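K.L.:
Structure, please.
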Amino acid sequence: HILVRLPDAYRGFGIATLHRGGMPFYCLPSHEDYFYFGPTESLFEGDAANVSASEEDIDFLLAEANFMLPGLRLTRRDIAFTWAGVRPLTFDREQPMGRRTRDIHDLTDQGLPGLLAMTAGPIMTHRSAGREMCAAVAARLRPSSHPRAAAPKTAGVCARIGINGSEPLPSVVRAAVQRAVEQEHARDLKGVLFTRTGLAWRRHLDRHEVAAAAEVAAPLLGWTQERTEQEVASFLE
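P.N.:
Predicted coordinates for the structure are as follows:
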C-alpha cells in the first residue's frame, strides 16, 4: 500500500473498485487527511518478516491511483510512506495465486486428531470466520457449561490519540502501551505501536516517541537498557 495526503475535499470519502487487472482496489481514509491506495497482488515467496513494497509495487499503485483519479497527478513525492504484508490463501494447484475461499481443515489424517486449521480467513472477516470455526468445534465437542455473555469491548481509545515528541508520553498512551503488553501479549514495539495501539499508522514516529513507548514496555518485558535501545533501533529501521 501507499499512503498519501489528499485535498480537504476528499475527507470522509472512500472508493472501492477494481483496478485494470480486475482485482479489488481501494482508496480509503486513514488518519486526518491521509489516504491509502492498495493492494497489489504480487506473488511473494520469501520470508514474510522481510516483506516490503517493491519498486514495481509502488509504480503499479501510483499508476492505478492516477488512472482512477487522474486529476490528482500523484507522484512519488506525494507518498508519505508505504507498507506491505502477506495474505496467506488456500493452496490450490489449479490456482497459482491461491484459492480465496475460506476453508476449515480437519488435520486428523495428518496424525493430529482434534486439531482444526483455517485458511484464507483475513482479519476484516474475523467475526464471520469466528462463527464458522465455533460451529465446526461445536459439532465435535459438547459445551462444558451454559453460554455466557461476552464481556463488553472497550472502545479503541489508542487509535484516536497522538504523541507529541516534545512532551512526555501522555498517561492515556502509557496506559495503551501497558495494556498492549500485559493484556494483548505484544512482545516487541511493532506489536505495540502498529498491531495493538495503531499509533504508528497515524504518521511516522520519531526516535523520541518510540523510545518513550519502549520505556513503558521494557520493565514489563524484562528488557535491559541495551535490549531496549536495540528494540528502538529495530523498530525505526
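
K.L.:
Identify the residue spatially nearest to the residue most central in space within the chain, adjacent ones excluded.
P.N.:
The centroid of the chain falls nearest to Thr195 when counting by C-alpha atoms, centre = their mean (6.0 Å). Distance criterion C-beta to C-beta, 6 or more residues apart in numbering; nearest residue to Thr195, sequence neighbours excluded, is Ala186 at 6.9 Å. Any C-beta I mention is one placed from the backbone N, CA and C, and that applies to glycine too.

K.L.:
What distance do you get for Arg77 to Leu62?
P.N.:
Between Arg77 and Leu62 the distance, using C-beta to C-beta, to the nearest Å, works out to 11 Å.

K.L.:
of those two, who's got more company?
P.N.:
Here Arg77 and Leu62 are compared on neighbour count by other C-beta atoms under 10 Å; more neighbours surround Leu62, at 19 against 6.

K.L.:
pLDDT averaged over stretch 228-237, what's the number?
P.N.:
The pLDDT scores in stretch 228-237 average 95.

K.L.:
before we move on, what about stretch 68-83?
P.N.:
The predicted model gives stretch 68-83 an average pLDDT of 94.

K.L.:
Using CSV, write out the CA atom coordinates for that stretch.
P.N.:
Provided in CSV are the C-alpha atoms of stretch 68-83 (Å, rounded to 0.1, in the frame of the first residue of the first chain):
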residue,chain,number,x,y,z
MET,A,68,-8.8,6.1,-11.0
LEU,A,69,-8.4,9.8,-10.0
PRO,A,70,-6.4,11.4,-12.9
GLY,A,71,-6.9,15.0,-11.5
LEU,A,72,-4.6,14.2,-8.5
ARG,A,73,-1.5,13.7,-10.7
LEU,A,74,0.2,11.8,-7.9
THR,A,75,4.0,11.2,-8.0
ARG,A,76,6.5,9.6,-5.6
ARG,A,77,6.9,12.9,-3.9
ASP,A,78,3.3,12.6,-2.6
ILE,A,79,3.9,9.3,-0.8
ALA,A,80,4.2,9.6,3.0
PHE,A,81,5.2,6.0,3.4
THR,A,82,4.5,2.5,2.2
TRP,A,83,3.8,-0.8,3.8
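
K.L.:
Please spell out which residues along it are buried.
P.N.:
Neighbour-count burial for stretch 68-83, counted by 16 or more other C-beta atoms under 10 Å, picks out 68-69, 72, 74, 79, 82.

K.L.:
circling back to that earlier point, which residues are in contact with the residue nearest to Thr195?
P.N.:
With C-beta atoms under 8 Å, 6 or more residues apart in numbering as the criterion, the residues that contact Ala186 are 180, 192, 195-196, 217.
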